[in-house]
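Chemist: I'd like to go over a predicted model; first the sequence, then the structure.
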Amino acid sequence: MRFPLARIAHCRSGDKGDVANIGVIACDERHYPILVREVTAERVKGFFGDRVKGRVERFELPNVGALNFVMHEALGGGGTVSLRVDAQGKTLGAALLRLEIEADEHELGD
Amino acid sequence: MIRIANGQGFWGDWLEAPVRLVEQGPIDYLTLDYLAEVTMSILQKQKQKDAALGYARDFPPLMARLAGWMRARNIKVVANAGGVNPLACAREVRRLAPELKVAVVLGDDISDRIDGLLASGHSLRNLDTGEPLAAVRGRVLSANVYLGAFPLAQALATGADVVISGRCADAALALAPMIHRFGWSETDWDALAGGVVAGHIIECGAQATGGNCQADWQGIPDLANIGYPIVEAEPDGSSVITKHEGTGGRVSLASVKEQLVYEIGDPRAYVTPDVVADFTSIRLADAGADRVRVTGAHGSPRPATLKVSLNYFAGWKAIGTLVYCWPQALEKARAADRIVRERLAQLGLDFDAIETEYFGVNACHGPAARPASDPPEVQLRIGVRGADRGAVERFTRELVPLVLSGPPGATGYGEGRPQVREVVAYWPALIPREEIEPRVEVVE
């Protein structure tokens, strides 16, 4: 079945210059494999469309059940240069909660 | 075990937080992180206008307020409040709180050495773009090296009550007391990595204790009285993240994980001046109410280079807003945006960037936002940026006329014309470690 990422994960996002990062954390560490399979760098890049001009890298933290997405040229210049209200990418993690992902009932185990 | 608390995540954070940390329970060290990436350039300008300024001005009065408690309970403070003028900051602390012994860490400011460094072959290339610094050399406003924790620890070893630095790695503020008290050497990689992980978790203040926490945010109690984070650090590099009893907020696996992944790159190699920490090596465990244990950190040798944070002048910008009401609020705002852009084009004005966002529709999330259907109002927000101050000034006069000459139902122009602001841009670079010699001075 399909459902939004918000059902099984929470996120926090921030900036380093014009680079934004989003940490995606499984609420239940048993669901981490679903994140690994469903939330790919390509999907995240596509989700943000032309807001993220550069490449998106994904890093894995299996020890805490989390993924880290590093998004280049994502903040309209970043910091003080950007003209955006969210020049520091604080809200990008919340945006990603709408990403539609897929998993079987038995994988969710609830 | 020593208790290290962080009472400030940036300059502008909650003023009461450090006071409550000192008053509401036991701590041994209080750290205060004042410096964001662009703060240094703001401070540099203040120093240019007045040679006695250029530091976090909230800090000396805070020390005066806390001095009695610090002396009574033997609490030491480690803060990067010095900005671009740590000595002036230290003298002001001494003036307001003469009973405190103050030491400063110097050597991070290389703004006077740039030409020499360039001449000797250090190109100070932009870490993100690869461009050599020569491209913006004439416009550089500040240049500071991120120092590590060892010079801060050396300053604590003088017996100072207050250690003031300029630019240093954020996590170094918390790492320094551990080095000082546990006697860690520069090659105790795993212990240092453990200290860095703990320092990273508390460096943004209440973001570790339930602030800005997405997980169960409505269930997190009493944010009005949120407790700022405390590390109970052990000599082996492990720690417990906690907060004072009876304070608001929550320390949980969720709150700590959110901060662990905050503003990081490759989690296997979190690079600091003191050690490269592997965030994928640690274990987090629930250790009771508002307690999370952090163990198992693995570190590898520190890099041969240090990071330099440069700021340079990059032109002018202005951002203006107008509100459009229902019906067709979004259509009206879009029409107004087209009109502004057409008028700017007719004037022949040249900008590096024009960006339009629609509050209530997509300002935060852009194309990832849920499509809006018939919102009751929309705020149009247009920003321009460019090298020509005159062009940016002219833009600021193009929004308000739309109230009479554009689509119907515009309001919210009461603030008048937008302000033209200077753009200060950030330029990260690397420099060989041996070029930098941190030093400690006790300020009498």
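Modeler: Arrived safely.
Chemist: A:Arg98 - that's part of a strand, no?
Modeler: No. Counting by DSSP: H, G, I helix; E, B strand; the rest coil, A:Arg98 is located in no strand; its state is coil.
Chemist: what score does it have for pLDDT?
Modeler: The confidence metric pLDDT takes the value 96 at A:Arg98.
Chemist: excluding sequence neighbours, find me the nearest residue to it.
Modeler: Spatially, and ignoring its direct neighbours in sequence, A:Arg98 is nearest to A:Pro4 (5.4 Å; C-beta to C-beta, 6 or more residues apart in numbering or on different chains). In short, each C-beta sits where N, CA and C put it, glycine included.
Chemist: I'd say that neighbour and A:Leu97 touch.
Modeler: Yes. A:Pro4 is in contact with A:Leu97 according to C-beta atoms under 8 Å; the separation is 6.2 Å.
Chemist: give me the more crowded residue out of these two.
Modeler: Each of A:Pro4 and A:Leu97 has its neighbours counted (other C-beta atoms under 10 Å in any protein chain shown); A:Leu97 has more, 16 against 13.
Chemist: quick one, what contacts B:Leu147?
Modeler: When contacts are counted by C-beta atoms under 8 Å, 6 or more residues apart in numbering or on different chains, B:Leu147 touches B:105, B:107-108, B:165-169, B:172, B:273, B:306, B:436, B:438.
Chemist: that one pairs with what?
Modeler: As for beta bridges, B:Leu147 partners with B:Cys168 under DSSP bridges.
Chemist: quick one, strands of chain A?
Modeler: Applying DSSP state E to chain A gives strands spanning A:2-4, A:9-16, A:19-26, A:56-61, A:66-71, A:100-102.
Chemist: show me what contacts residue 61?
Modeler: Answering for chain A, as no chain was given. By C-beta under 8 Å, 6+ apart, the neighbours of A:Leu61 are A:Leu67, A:Asn68, B:Leu260, B:Val261, B:Pro267, B:Phe279, B:Thr280.
Chemist: let me rephrase: I mean chain B.
Modeler: Shown here is B:Pro61, whose contacts under the criterion C-beta under 8 Å, 6+ apart are B:Leu96.
Chemist: give me the element B:Pro60 is part of.
Modeler: Element membership for B:Pro60 (DSSP states H and E) is helix B:59-73.
Chemist: how about that helix: buried residues?
Modeler: Of all the residues in helix B:59-73, those buried under the rule 16 or more other C-beta atoms under 10 Å in any protein chain shown are B:Phe59, B:Pro60, B:Leu62, B:Met63, B:Ala64, B:Leu66, B:Ala67, B:Met70.
Chemist: how far away is the fifth one from chain A?
Modeler: Going back to what we said before, that points to B:Ala64. 32 Å (C-beta to the nearest C-beta, to the nearest Å).
Chemist: not counting residues beside it along the chain, what's closest to that residue?
Modeler: Among residues not flanking B:Ala64 along the chain, B:Leu96 sits closest, at 4.0 Å (C-beta to C-beta, 6+ apart).
Chemist: quick one: contacts for that neighbour?
Modeler: B:Pro60, B:Pro61, B:Met63, B:Ala64.
Chemist: now these as CSV including distance to B:Asp350?
Modeler: Listed next are the contacts of B:Leu96 as CSV, based on distance: C-beta to C-beta, whole Å:
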residue, distance to B:Asp350
B:Pro60, 45
B:Pro61, 46
B:Met63, 49
B:Ala64, 51
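Chemist: helices along the stretch 251-400 of chain B, start to end?
Modeler: Secondary structure of the stretch 251-400 of chain B (DSSP state H, counting those that start in this stretch): helices at B:253-260, B:329-346, B:389-395.
Chemist: now do the longest one, average pLDDT.
Modeler: This means helix B:329-346. The predicted model assigns helix B:329-346 a mean pLDDT of 98.
Chemist: that one: how far from the chain's middle?
Modeler: Distance of helix B:329-346 from the chain centroid (C-alpha atoms, centre = their mean, to the nearest Å) equals 36 Å.
Chemist: report whether it contacts chain A.
Modeler: No. Applying C-beta under 8 Å from any C-beta of the partner chain, one finds helix B:329-346 separated from chain A by no less than 13.2 Å.
Chemist: which ones are touching the residue nearest the centre of chain A?
Modeler: When C-alpha atoms, centre = their mean is applied to chain A, the residue found nearest the centroid is A:Ile22 (4.8 Å). Neighbouring residues of A:Ile22 by C-beta under 8 Å, 6+ apart: A:Cys11, A:Arg12, A:Ser13, A:Val44, A:Asn68, A:Phe69, A:Met71, A:Gly89, A:Leu92, A:Gly93, A:Leu96.
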